[in-house]
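J.: Build me a model:
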Amino acid sequence: MMVVRKISLGPVEARELVKIASKCDFDIDISYNRYTVDAKSILGVLALDFSQVLTISYNGTDEKLEAFLSNYAIAS
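T.: Okay, the predicted model is just below:
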């Protein structure tokens, strides 16, 4: 089941997300507008526009990832 969440991050939080995502054994994508990057790519993630609300989508479960995303989730 594909999970889609809206988050807001800064550069420091983005580095932490990459660290957590790299330990997951499933794909994690971050997007806004039509721009999509792999959440495990530090260069891709740091190239994001952090003033935008980001959409993160993944197909798996990880406790640390869920806890991290809960801290930066945007209420819909």
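J.: looking at it, V18 is touching L43, isn't it?
T.: No. Judged on C-beta atoms under 8 Å, V18 makes no contact with L43 at a distance of 9.5 Å. C-beta coordinates here come from the backbone N, C-alpha and C atoms, glycine included.
J.: The helix or strand harbouring I30 - contacts with which helices or strands?
T.: I30 belongs to strand 28-32 when elements are defined using DSSP states H and E. Under the contact criterion of 3 or more C-beta pairs under 8 Å, 6 or more residues apart in numbering; DSSP states H and E, strand 28-32 touches strand 35-38, strand 54-58.
J.: just checking, what packs against the longest one?
T.: This means strand 54-58. strand 3-7, strand 28-32.
J.: neighbouring strands for the last one, and are they parallel or not?
T.: The sheet places strand 28-32 alongside strand 35-38 (antiparallel), strand 54-58 (antiparallel), with pairing taken from DSSP bridges.
J.: quick check, distance from it to the centre of its chain.
T.: 6 Å (C-alpha atoms, centre = their mean, to the nearest Å).
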